[in-house]
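J.: Sharing a model that was predicted from the sequence below.
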Amino acid sequence: MSAVILIELLMLTMTLHVLMYSGFTKSQKIWYILTFVSVMVCTLAEYFVHCGYYDKSFKIPLTIITVIQFSISPLLAVFFSGALGLHRESRIASLFFLSNILVEIILAPFGLVFYFNDDGYFRGNLFIIYEVYYFIGLAYLIISMIVVGKRFRHRDMWTIIMVLVMLVGGILPMTFWQIHTAYMSIGMCACLCYIYYNDLVQDDIHTALINNEKKLLNMQEHIISGLANLIESRDTDTGEHITRTSKYVKAIAEGAKAIGLYSNEIDDHFISLINTLAPMHDVGKILVSDNILRKPGRLTKEEFDEMKVHAASGGDVVRKMLSGITDEEYLKFASDIATYHHEWWDGTGYPNKLKGTDIPLCARIMAIADVFDALISKRCYKDAMPVEDAIEIIKKESGTHFDPKLVDVFIKYIENEKM
């Protein structure tokens, strides 16, 4: 009796879990509920028939209960296969197994599969019919698990073996020695299969999420690269500035990480972000007129004030362009680079005159890369400067324009590149 109560409570709990669980479709939930409810019905029927309190006056109701039990038992495999996602196969299989219902109903009055007399329940001469259906159901369930495992590319043979052992451990004693433990083992196997399939579903969902995230990141990078190239084409003779500056910021960040500099901020994720988002540093130039961007001579004070707009408004431009296709961390990182890469270490830069480590680290790194590449590049208003002269300027402005610790990292990188 205790075992019956336990399996009933277990199946009831699983049914409630299925009803509350949001990870399955309505069709899957129906199949699972059919499985667990069927185990409950068969377990109760088994108990009523073999509880030891037999009364011959109950022969007819017990016969009806047993017909229901014998009809449902082989269908358990079909129900659970449907829950595993094999809907089409289960519908086809159900036509075969439903024939068992007709057989049981037709043969029940003649006692050929089972019968009740004054002493209780007995197996009929054709009890093998029920056993054949039952073992076909068992084989069908095992095959279904293998098929589902292959479908999810996660064939857990040990789980399948465990289920098989539990089923055999419950069914063989019932078949050969009339020790009625079958539905306890079936119920436990149903729970195990449910957990197994749920894990497969979660693995598949996780893989899909990772693939979608990769696609989103790839889309973001293409958008960023396209926007940066579009803006860069208005400002310089080539679009290689963004490629080179991305290379420089990555090298500085990696060099800093290697020596433990700013280790509370610089990790692999930081390096990936700054390499990806460096092209956005001048995105605010979309608000600056071509007359200023392409002016061959020195800018007037008024023109320079207008040029500063690209930094002051850079963060807002970034957010408008990328909002809705990325998260807040991504937006803030890109916004900081676009807004603060013209701030100076000594607090004399623009747009907010931030000083020292108040300037976001990504912007301090970007400042070195941006200025160095601007110095060695030919622009409409100047010729390219020799690398050696550019290095001397970067060194000279260490501690005023640039973070001195980052300058040391950058100079070491450039010197190694020249060797």
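T.: Okay, I see it.

J.: what are the ranges of the helices in the stretch 51-200 of the chain?
T.: 59-72, 75-83, 87-107, 127-151, 157-177, 182-235 (DSSP state H, counting those that start in this stretch).

J.: among the ones you listed, which gets the worst mean confidence?
T.: Per-stretch mean pLDDT for the helices of the stretch 51-200 of the chain is lowest at helix 157-177 (a mean of 57).

J.: Just the pLDDT at the residue nearest to residue 387 when sequence neighbours are not counted, thanks.
T.: Of all residues not flanking residue 387 in the chain, residue 376 sits nearest, at 5.6 Å (CB to CB, 6 or more residues apart in numbering). Placement of C-beta: from N, CA and C, glycine included. We have a pLDDT of 90 for residue 376.

J.: tell me the contacts of residue 376?
T.: Each residue near residue 376 by CB atoms under 8 Å, 6 or more residues apart in numbering is listed here: 384-387, 390.

J.: Please tell me which one of the residues you listed counts the most neighbours.
T.: Compared across the contacts of residue 376, residue 390 has the highest neighbour count, 19 neighbours, by other CB atoms under 10 Å.

J.: Just the pLDDT for that residue.
T.: pLDDT, residue 390: 92.

J.: Doesn't it lie inside a helix?
T.: Yes - residue state for residue 390 (DSSP: H, G, I helix; E, B strand; the rest coil) corresponds to a helix.

J.: Might you report the residue contacts of residue 284?
T.: 309-314, 317, 338-339.

J.: could these be laid out in a markdown table, adding pLDDT and distance to residue 371?
T.: What follows is these, written out as a markdown table (pLDDT from 0 to 100; distance: CB to CB, whole Å):
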| residue | pLDDT | distance to residue 371 |
| --- | --- | --- |
| 309 | 82 | 19 |
| 310 | 84 | 15 |
| 311 | 85 | 13 |
| 312 | 82 | 18 |
| 313 | 84 | 21 |
| 314 | 81 | 16 |
| 317 | 82 | 21 |
| 338 | 90 | 16 |
| 339 | 93 | 17 |
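
J.: With respect to residue 146, which of the residues you listed is nearest?
T.: residue 338 (54.6 Å; CB to CB).

J.: Which element, helix or strand, includes that closest one?
T.: Using DSSP states H and E, residue 338 falls within helix 328-340.

J.: CA-only coordinates of the next helix or strand after that helix in PDB, if you can.
T.: Downstream of helix 328-340, the first helix or strand assigned by DSSP H and E is helix 361-376. Provided in PDB are the C-alpha atoms of helix 361-376 (Å, rounded to 0.1, in the frame of the first residue of the first chain):
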ATOM      1  CA  LEU A 361      39.800  53.100 -19.300                       C
ATOM      2  CA  CYS A 362      38.600  52.200 -22.800                       C
ATOM      3  CA  ALA A 363      38.700  55.900 -23.800                       C
ATOM      4  CA  ARG A 364      42.300  56.300 -22.400                       C
ATOM      5  CA  ILE A 365      43.400  53.400 -24.500                       C
ATOM      6  CA  MET A 366      41.600  54.700 -27.500                       C
ATOM      7  CA  ALA A 367      43.200  58.200 -27.100                       C
ATOM      8  CA  ILE A 368      46.700  56.800 -27.600                       C
ATOM      9  CA  ALA A 369      45.700  54.600 -30.600                       C
ATOM     10  CA  ASP A 370      43.800  57.500 -32.300                       C
ATOM     11  CA  VAL A 371      46.500  60.100 -31.900                       C
ATOM     12  CA  PHE A 372      49.300  57.800 -32.900                       C
ATOM     13  CA  ASP A 373      47.500  56.700 -36.100                       C
ATOM     14  CA  ALA A 374      46.500  60.300 -36.900                       C
ATOM     15  CA  LEU A 375      50.200  61.300 -36.700                       C
ATOM     16  CA  ILE A 376      51.500  58.700 -39.000                       C
END
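
J.: Now do the domain split for the protein, please.
T.: According to automatic domain parsing, the chain comprises the domains 2-207, 236-418.

J.: follow-up on the earlier one: let me have the contacts of residue 376 in TSV, extended by distance to residue 142 and secondary structure.
T.: Listed next are the contacts of residue 376 as TSV, based on distance: CB to CB, whole Å; DSSP: H, G, I helix; E, B strand; the rest coil:
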residue	distance to residue 142	secondary structure
384	73	coil
385	75	coil
386	75	coil
387	70	helix
390	71	helix
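
J.: With distance to residue 305 as new columns, can the residues you listed be given to me in TSV?
T.: As requested, those are exported to TSV (distance: CB to CB, whole Å):
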residue	distance to residue 305
384	27
385	26
386	31
387	31
390	26
